[in-house]
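In: okay, structure incoming, though there's no sequence with it:
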């Protein structure tokens, strides 16, 4: 059976405002500094990469 | 009878020695760390010796004549194809743990080269044994010299520096996107990582010299080979959990130029240029659109 791989999966999103993202595991941060820290930790734990959507949302993606 | 056996033995001996020497000369242990020393060396040399012996033995068989012995060569071809598959499997297994991967094209090229070198050893042995059998010792020596030279030339592959110009370009961030020479490379979300990349990263632009070069650089396997070469020679700072620092290669879609960005261990732009120029051109990536009428016409119009 051919193997189907899912690439470029959004593992989590870290936001300061819950209205900005949905449908993925969300982590709410109280300020920008905490947002960066949470994103960095998640990326390390999940072997993912942090991307900045430049609208206040940071996503952690598995490539 | 004894004299005949001695004659055959000398033919086979000369041929085998020449073939094995050819294989030895083709074993170059460079930065690619392939074959591994010492066991890889032993495997390659042994197989080369067997290939040479098979090639040399064919000559007395034809001289006798005893053509059933020539079926040895068919058996040898079968065996070496198996060996190529084994090499490829080994390399693919090792590839799983590489931080900057070679890519399947590069691996296929290495496996094919391995097979080809064995055949070259066989051919050298055959040529030298034939020369010894029918022309004498001096001609055998000449045949050995020519074969070794030919093997050497054939095995030297072309490098990227021959088909394009490599120039350093500055790195900058437009928002969260790392950019160089007008090409967007990757989105980096963490400010610390952005600073680190700006501080310690390097980028080069590969400008193809003609349409053939552009087609070659277009190939994804070729791009992976360039990144892998730069990473092996200069070292990278990426880690399993720091994919932001992985070397990235992207194409300028309008000009066909490639941009490579890397955070090397040794921050030396000259060294990076030299390393990229040394990257091998993969046989599977080599493309010659200019050989076709359509390609040449496109060049005239575009």
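Out: Done, it's in. Model, not experiment: these values are computed from the prediction. Numbers count the residues shown, from 1 in each chain, chains lettered A, B, ... in the order given.
In: now the lowest-mean-pLDDT helix or strand in chain B: buried residues?
Out: For chain B, using mean pLDDT, DSSP states H and E, the weakest element among its helices and strands is helix B:293-301, scoring a mean of 79. Neighbour-count burial for helix B:293-301, counted by 16 or more other Cβ atoms under 10 Å in any protein chain shown, picks out no residue. In this view, the C-beta of every residue, glycine as well, is placed from N, C-alpha and C.
In: break down the chain into its helices, ranges please.
Out: Defaulting to chain A. Along chain A, the stretches classed as helices by DSSP state H are A:32-46.
In: nope, chain B please
Out: Remark: helices of chain B, listed N- to C-terminal, are B:2-26, B:39-63, B:71-95, B:104-135, B:137-155, B:191-200, B:211-218, B:220-234, B:269-278, B:293-301; assignment by DSSP H.
In: nearest to residue A:16, of these?
Out: Closest of the helices of chain B to residue A:16 is helix B:191-200, at 15.6 Å (criterion: Cβ to Cβ).
In: turn the helices of chain B into a markdown table, columns for distance to residue B:254.
Out: Below are the helices of chain B laid out as a markdown table (distance: least, Cβ to Cβ, whole Å):
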| stretch | distance to residue B:254 |
| --- | --- |
| helix B:2-26 | 42 |
| helix B:39-63 | 44 |
| helix B:71-95 | 33 |
| helix B:104-135 | 25 |
| helix B:137-155 | 37 |
| helix B:191-200 | 25 |
| helix B:211-218 | 12 |
| helix B:220-234 | 17 |
| helix B:269-278 | 21 |
| helix B:293-301 | 16 |
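In: ok, which of those comes nearest chain A?
Out: Taking Cβ to the nearest Cβ, helix B:191-200 is the member of these nearest to chain A, at 6.7 Å.
In: for that closest one, which positions count as buried?
Out: Taking 16+ other Cβ under 10 Å as the criterion, helix B:191-200 shows B:193-194, B:196-197 as buried.
In: now that helix and helix A:32-46, what's the angle there?
Out: Orientation of helix B:191-200 against helix A:32-46 (axes from the mean of the first three to the mean of the last three Cα atoms, to 10 degrees) gives an angle of 80 degrees.
In: show me the contact partners of helix B:191-200.
Out: Where contact means Cβ atoms under 8 Å, 6 or more residues apart in numbering or on different chains, the residues beyond helix B:191-200 that reach it are A:36, A:40, A:50, B:171-173, B:176, B:178, B:188, B:237, B:242, B:244-245, B:261, B:263-264, B:267.
In: hmm, try it at 6 Å
Out: Defining contact as Cβ atoms under 6 Å, 6 or more residues apart in numbering or on different chains, one finds that helix B:191-200 is touched by B:173, B:188, B:244, B:263, B:267.
In: and those residues, which of them are buried?
Out: In terms of neighbour count (16+ other Cβ under 10 Å), the buried residues within the contacts of helix B:191-200 are B:188, B:244, B:263.
In: how many neighbours does the residue nearest to residue B:19 when sequence neighbours are not counted have?
Out: Closest residue to residue B:19 apart from its sequence neighbours, by Cβ to Cβ, 6 or more residues apart in numbering or on different chains: residue B:52 at 2.4 Å. Other residues lying near residue B:52 total 30 when counted by other Cβ atoms under 10 Å in any protein chain shown.
In: who's in contact with residue B:52?
Out: Shown in contact with residue B:52 (Cβ under 6 Å, 6+ apart): B:16, B:19-20, B:121, B:125.
In: closest one of these to residue A:6?
Out: Top of the list for closeness to residue A:6, among those and by Cβ to Cβ, is residue B:121 at 45.6 Å.
In: I figured that closest one hits residue B:24, correct?
Out: No: in this structure residue B:121 lies outside contact range of residue B:24 using Cβ atoms under 6 Å: 9.1 Å.
In: give me the more crowded residue out of the two.
Out: For residue B:121 against residue B:24, the residue with the higher neighbour count under other Cβ under 10 Å is residue B:121, and the figures read 33 against 15.
In: any weak-confidence spans in the stretch 1-150 of chain B?
Out: B:1-5, B:29-35, B:69-70 (pLDDT under 70).
In: over to chain A?
Out: If you take pLDDT under 70 as the line, chain A has these spans: A:1-5.
In: the same query, at a cut-off of 50, please.
Out: Applying pLDDT under 50 to chain A flags no residue at all.
In: near chain B, which residues of it?
Out: Residues of chain A lying close to chain B (Cβ under 6 Å from any Cβ of the partner chain) are A:40, A:44, A:47, A:49-52, A:54, A:58.
In: farthest-separated two in these?
Out: Pairwise distances among these were taken by Cβ to Cβ; the largest, 23.9 Å, belongs to A:47 and A:54.
In: out of the contacts of residue B:52, name the two that are farthest from one another.
Out: Across those, the two members that end up farthest from each other (Cβ to Cβ) are B:16 and B:121, 9.5 Å apart.
In: can you give me the strands in chain A?
Out: All strands of chain A, identified by DSSP state E, fall at A:9-15, A:26-28, A:49-52, A:58-62.
In: tell me what angle the first one forms with strand A:58-62.
Out: What it means is strand A:9-15. Put simply, strand A:9-15 runs at 160 degrees to strand A:58-62, going by the same axes, to 10 degrees.
In: pairing partners for strand A:9-15, with directions?
Out: Paired with strand A:9-15 in the same sheet, following DSSP bridges, are strand A:26-28 (parallel), strand A:58-62 (antiparallel).
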